[in-house]
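Asker: sequence unavailable; structure follows:
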């Protein structure tokens with residue numbers, strides 16, 4: 001199976017990916033944002049590098065999905081290809097940070113790729129307020145994230161919530177990071193795992 005975790009910057013996608021991979025013995029597929037050669041430049045000058053950074057992630061996630069579908073095991077993926085196309089790219093375009101011709105080119109690439117791939121069997125969306133995102137971004141202390149604009153995060157959050165509410169590609173499970181501290185609380189993590197079991201297997205495991 002393909003399990004995918006979606007959520008805004010700082011929501012806890014990588015943390016939950018690690019925890020679920022350990023609990024279920026699933027293979028994790030990480031975003032590896034630190035390896036994106038455009039990311040630092042993007043946060044310093046979003047308008048100049050928006051198209052480059054989005055195409056890099058589109059290529060990365062397409063390759064991940066193809067590899068996941070070739071495996072004979074369950075894989076949990078940190079971030080989805082849908083988020084890039086339905087949230088990040090249109091947000092950059094609407095904020096005037098991606099030119100229309102670049103946005104149209106990007107969406108054309110996505111639509112072509114999307115026609116060949118299958119959606120995950122389960123999408124887990126980590127919902128979080130902007131204040132929670134800021135706190136967690138500051139806590140992990142990535143230098144290139146220190147210049148992220150607050151309005152950028154807020155716009156992304158509005159798009160994430162709208163997208164999750166209208167998601168039709170398959171099963172979706174929403175985890176509220178404001179109230180469910182799965183990273184530090186074993187009981188909270190256990191509740192998330194029980195909900196995943198119910199979605200995937202139709203029962204609660206002991």
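Answerer: Thanks, I have the structure now. Computed from a prediction, not measured in an experiment: that's the story for all the values here. Residues are numbered from 1 along each chain as shown.
Asker: can you show me the strands along the protein?
Answerer: Applying DSSP state E to the chain gives strands spanning 2-7, 27-29, 75-78, 122-127, 171-176.
Asker: turn those strands into CSV, columns for mean neighbour count.
Answerer: No exception for glycine: its C-beta is placed from N, CA and C like everyone else's. Shown next, in CSV, are these (neighbours: other C-beta atoms under 10 Å):
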stretch, mean neighbour count
strand 2-7, 26
strand 27-29, 18
strand 75-78, 24
strand 122-127, 23
strand 171-176, 16
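Asker: dump the residue contacts of the residue nearest to residue 113 when sequence neighbours are not counted.
Answerer: The shortest distance from residue 113 to any non-neighbouring residue, by C-beta to C-beta, 6 or more residues apart in numbering, is to residue 62 (5.1 Å). Contact partners of residue 62, counting by C-beta atoms under 8 Å, 6 or more residues apart in numbering, are 81, 113, 117.
Asker: okay if I get the strands of the chain as CSV plus distance to residue 16?
Answerer: As requested, the strands of the chain are exported to CSV (distance: least, C-beta to C-beta, whole Å):
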stretch, distance to residue 16
strand 2-7, 6
strand 27-29, 10
strand 75-78, 8
strand 122-127, 7
strand 171-176, 7
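Asker: got a markdown table for these, with mean pLDDT too?
Answerer: Shown next, in a markdown table, are those (pLDDT from 0 to 100):
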| stretch | mean pLDDT |
| --- | --- |
| strand 2-7 | 96 |
| strand 27-29 | 94 |
| strand 75-78 | 94 |
| strand 122-127 | 97 |
| strand 171-176 | 96 |
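Asker: which one of the ones you listed lies closest to residue 144?
Answerer: When those are compared by C-beta to C-beta, strand 75-78 sits nearest residue 144, at 17.5 Å.
Asker: what's in contact with that closest one?
Answerer: 1-5, 13-14, 17, 20-21, 24, 26-31, 64-65, 68, 120.
Asker: settle this for me: residue 129 is touching residue 178, isn't it.
Answerer: Yes - look at residue 129 against residue 178 with C-beta atoms under 8 Å: they come within range, at 5.3 Å.
Asker: for residue 185, see how far away residue 198 is.
Answerer: 20 Å (C-beta to C-beta, to the nearest Å).
Asker: of residue 129 and residue 178, which one has the most company?
Answerer: Neighbours were counted for residue 129 and for residue 178 using other C-beta atoms under 10 Å; residue 129 has more, 14 against 11.
Asker: ok, for residue 196, nearest residue in space, not its chain neighbours?
Answerer: Leaving aside its sequence neighbours, residue 196 sits nearest to residue 173 (C-beta to C-beta, 6+ apart; 6.5 Å).
Asker: wait, the one you found sits on residue 197?
Answerer: No - counting by C-beta under 8 Å, residue 173 does not reach residue 197; the two are 10.7 Å apart.
Asker: now residue 36: how far from residue 165?
Answerer: Distance from residue 36 to residue 165, by C-beta to C-beta: 29 Å.
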